[in-house]
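[1] everything below, folded, please.
(one chain, ligands or ions: 2)
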Amino acid sequence: MEYKEEIKRIFREEPIPEHILQRMHEYERRRYEVPEETLIKRPSHIEGIKASSEINTGVLDAVAEKIRVGMSTQEIDDIVSEYTLSHGAICAPLNFEGYPKSVCTSINNEVCHGIPSRHRHLQNGDIVNVDVSTIYKGYYSDASRMFMVGNVSPQRKKLVEETKRCLEIGIEAAQPWNTVGDIGYAISKYARSKGYSVVTQLGGHGVGIEFHEDPFVSHVGKRGTGMLLVPGMVITIEPMINEGRAEVVIDPYNGWTIYTKDKSDSAQWEHSILITETGNEILTY
Ligand code: MF3
Ligand code: CO
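    Ligands and ions are numbered 1, 2, ... in the order given. This is a model prediction of the structure:
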């Protein structure tokens with residue numbers, strides 16, 4: 001809880017630059033949806049989120065080094081937990097709204113929030129998303145990657161690569177003074193041009209001081225709509241792209257795991273990014 005006090009003190013002592021406030025007010029007069037000032041991180045917050053992100057990236061690198069055919073998804077959870085705790089950090093998913101594990105592992109037709117299990121082993125040809133979120137000194141970071149296990153079919157490989165391209169295209173659209181709708185527009189336009197569908201029920205989010213902050217970052221959208229992107233905001237972009245239809249269903253037994261309704265494959269990549277005055281910075285590289 002001391003961290004929360006420190007974070008609040010930084011809000012008081014490190015003001016938003018006047019020229020940024022003025023530009024926000026101009027947009028507000030033009031009826032744009034502008035962020036609350038608490039969504040605009042200050043230099044010391046950004047330092048903290050960067051330190052958290054560095055550990056988060058280390059976790060994903062540790063997974064990348066060890067992931068292999070036959071490994072259980074619980075073993076991935078063990079790698080994540082061990083690395084995170086040994087670096088003085090906390091796994092954000094564990095106990096988040098009752099979530100039972102330290103990481104999400106989503107295989108093939110699982111869109112997201114797959115729960116690690118001793119009984120689920122990675123099979124040759126699987127595509128798996130490993131979604132890692134870290135809390136360090138009160139600051140949150142969030143990123144995910146796809147891993148191709150063993151010999152993956154060309155169709156799955158293409159889905160994984162085009163989904164990564166969707167993330168890159170979303171990041172390119174996340175320019176200061178653009179809006180959240182510009183991100184969703186760019187991603188969905190590209191994904192659909194490749195014959196894929198975009199999951200709409202889940203999306204990216206503000207991140208850094210809480211796990212999930214405003215705005216909701218839809219991966220579909222209309223240009224120039226939704227919340228303005230202001231320098232100092234930190235958001236995730238995390239497109240979930242389906243081989244088949246966009247509809248998803250939730251696991252009725254665990255209440256967490258999201259699947260494609262038509263059982264087609266799904267892929268996802270995620271970064272946490274900082275909106276800057278000149279563009280953006282990927283924090284979770
Ligand atoms: N890491 C997910 C995200 O990208 C959230 C997972 S919530 C959990 O936003 F509880 F399932 F971990
Ligand atoms: Co996220």
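[2] from here on, contacts and neighbour counts on C-alpha atoms
    Noted.
[3] name the surrounding residues that touch stretch 113-124.
    Contacts made with stretch 113-124 from outside it, assessed by C-alpha atoms under 8 Å, 6 or more residues apart in numbering, are listed as 68-77, 100-101, 103-107, 149-152, 256-258.
[4] is ligand 1 within reach of it?
    Yes. For stretch 113-124, a contact with ligand 1 is found by C-alpha under 6 Å from any ligand atom, at His113.
[5] find the closest residue to ligand 1 in the protein.
    Distances between the chain and ligand 1 by C-alpha to the nearest ligand atom are smallest at Pro93, namely 3.6 Å.
[6] in this protein, where is pLDDT below threshold?
    Residue ranges of the chain with pLDDT under 70: 1.
[7] now do the longest helix anywhere in it: which elements does it pack against?
    Secondary structure of the chain read by DSSP state H shows that its longest helix is helix 43-66. Applying 3 or more C-alpha pairs under 8 Å, 6 or more residues apart in numbering; DSSP states H and E, we find helix 43-66 packed against helix 2-13, helix 73-86, strand 127-136, strand 139-148.
[8] any idea which of the ones you listed is most buried?
    Comparing these by mean neighbour count (mean count of other C-alpha atoms under 10 Å), strand 127-136 ranks first with a mean of 27.
[9] what does the stretch 101-250 of the chain put close to ligand 1?
    By C-alpha under 6 Å from any ligand atom, the part of the stretch 101-250 of the chain that sits against ligand 1 consists of 113, 131-133.
[10] go with 8 Å
    101-104, 112-115, 131-133, 142-144, 203-205, 211-212, 236, 238 (C-alpha under 8 Å from any ligand atom).
[11] strands - which of those land there?
    Counting by DSSP state E, these place 104, 112, 131-133, 142-144, 204-205, 236 in strands.
[12] and the residue of the chain closest to ligand 1, what is it in contact with?
    Applying C-alpha under 8 Å, 6+ apart as the definition, the contact partners of Pro93 turn out to be 99-104, 133.
[13] please spell out the PyMOL selection for the buried subset of those residues.
    Here is the PyMOL command that selects the buried residues among the contacts of Pro93 (16 or more other C-alpha atoms under 10 Å):
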select buried, resi 99+101+102+103+104+133
